[in-house]
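In: Pasting the sequence and the predicted model now:
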Amino acid sequence: MDWFCALTEDQARFREYAEMVMVAVHTARKFTSLRPHVIYEGGDNEFTEWLDRHGAKIIRYRGSFRDALNQLGERDHLSYIAAGIAGTFLRVDLPELVSRSSSRDAVLYTDCDVMFQRDVVPELAGTNCDYFAVAGEFTRDDYESMNAGVMLMNLPRLQETIDEFRNFISTNLDLLKNEAWDQGAFRRFYRRADGTRMWDKLRPELNWKPYWGKNPQAGIIHFHGPKPFQRERIRTEIPQLEYLTGGAYVDLCREWDEFLAEAR
């Protein structure tokens, strides 16, 4: 199964996010049978050289919402919007990137801030996925408030709606900036006329948050909220995220450090 994540070079703290991709790729190759792909908007650098050396396929692509996000940032005098958000919108374009990869059916998409603990392919291959399958965000069994940081995506089905979905996003950016951007778009657009969700369920173990505690059955750890590189500065710089540092957060950050050392 193909696995994709995405990163833009003008992302704030690019080096730290590149290191998270490195850990994700390293653990995917160490523990799973996934085939790593990185959708990347940027130039050649040490990071792209690392990806080449470690068997991750680079898909160079400028996201379809980059210009609209630039305009929104200029209008609202928030120059960081495009740089900070363009990368997360790259998952919307994934169905059109099929021809640039070997994928023909369902693929795994994750944010950069994950690490793999075991081979998740057998479970993913047996998961129902009409359009996409996701797990809950802050609460394990809350599939209405789903989290798009880990998605099993049925690319042929999503291709059927991509033009309409893009138009929905383009005309609702002002609304979506208050609803987690593309995650809010997926939540709003993929609903039936009666309001019921159109997405399928992933087990929480496939999008396990560190603040939920230790779970030896977890297949994908998702550093939702505070990232490993932020742990020393949370109290002084981002105290609003401190409540998400309980459970196994500190221990999993230590594991992440070990995997980064291996990856280098």
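Out: Good, I have the coordinates.

In: Find the residue closest to Val107 in space, skipping its chain neighbours.
Out: Nearest residue to Val107 in three dimensions, chain neighbours excluded: Asp2, at 4.6 Å (Cβ to Cβ, 6 or more residues apart in numbering). All C-beta spots, glycine's among them, are computed from the backbone N, C-alpha and C.

In: so what's that neighbour bridging to?
Out: Arg35 (DSSP bridges).

In: so it touches Leu108, yeah?
Out: Yes - here Asp2 reaches Leu108: they are 7.3 Å apart, a contact under Cβ atoms under 8 Å.

In: His37 and Ile59 touch, don't they?
Out: Yes - the criterion here is Cβ under 8 Å, and His37 meets it with Ile59 at 5.9 Å.

In: Helices along the chain, start to end?
Out: In the chain, the segments counted as helices under DSSP state H are 14-31, 46-53, 66-75, 80-89, 121-125, 155-170, 173-176, 182-189, 234-237, 249-263.

In: For Asp2 and Leu108, list the residues in contact with both.
Out: With contacts taken as Cβ atoms under 8 Å, 6 or more residues apart in numbering, Asp2 and Leu108 have Leu34 as neighbours in common.

In: Looking at those two, which one has more neighbours?
Out: Comparing Asp2 with Leu108 by other Cβ atoms under 10 Å, the one with more neighbours is Leu108, at 27 against 19.

In: quick revisit: more crowded one of His37 and Ile59?
Out: His37 (26 against 18).

In: Pull the contacting residues for that one.
Out: Taking Cβ under 8 Å, 6+ apart, one finds Asp2, Trp3, Phe4, Cys5, Ala56, Lys57, Ile58, Ile59, Ser101 in contact with His37.

In: now those residues: which count as buried?
Out: Neighbour counting by 16 or more other Cβ atoms under 10 Å classes Asp2, Trp3, Phe4, Cys5, Ala56, Lys57, Ile58, Ile59, Ser101 among the contacts of His37 as buried.

In: tell me which residues form a beta bridge with Asn147?
Out: Ala135.

In: residues near it, how many?
Out: Look at Asn147: counted by other Cβ under 10 Å, it has 22 neighbours.

In: pLDDT of stretch 168-177, averaged?
Out: Here stretch 168-177 scores 83 as its mean pLDDT.

In: ditto for stretch 255-264
Out: Mean predicted lDDT for stretch 255-264 stands at 97.

In: And for stretch 211-228?
Out: For stretch 211-228, mean pLDDT rounds to 96.

In: In it, which residues are buried?
Out: By neighbour count on 16+ other Cβ under 10 Å, the buried set for stretch 211-228 is 211-212, 215, 218-228.

In: same deal with stretch 255-264?
Out: Glu255, Trp256, Phe259, Leu260, Ala263.

In: can you list the residues that contact it?
Out: Contacts of stretch 255-264 (Cβ under 8 Å, 6+ apart): Glu19, Met22, Val23, Val25, His26, Thr27, Lys30, His54, Met115, Phe223, Pro228.

In: so how far is it from its chain's centroid?
Out: What separates the centre of stretch 255-264 from the centre of its chain is 20 Å, taken as Cα atoms, centre = their mean, to the nearest Å.

In: Can I get it as PDB, trimmed to CA atoms?
Out: Provided in PDB are the C-alpha atoms of stretch 255-264 (Å, rounded to 0.1, in the frame of the first residue of the first chain):
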ATOM      1  CA  GLU A 255      11.000   7.200  21.500                       C
ATOM      2  CA  TRP A 256      10.700   9.700  18.700                       C
ATOM      3  CA  ASP A 257      14.200  11.000  19.600                       C
ATOM      4  CA  GLU A 258      15.700   7.600  19.300                       C
ATOM      5  CA  PHE A 259      14.100   7.000  15.900                       C
ATOM      6  CA  LEU A 260      15.400  10.400  14.700                       C
ATOM      7  CA  ALA A 261      18.900   9.400  15.700                       C
ATOM      8  CA  GLU A 262      18.500   6.100  13.800                       C
ATOM      9  CA  ALA A 263      17.100   8.000  10.800                       C
ATOM     10  CA  ARG A 264      20.100  10.300  10.600                       C
END
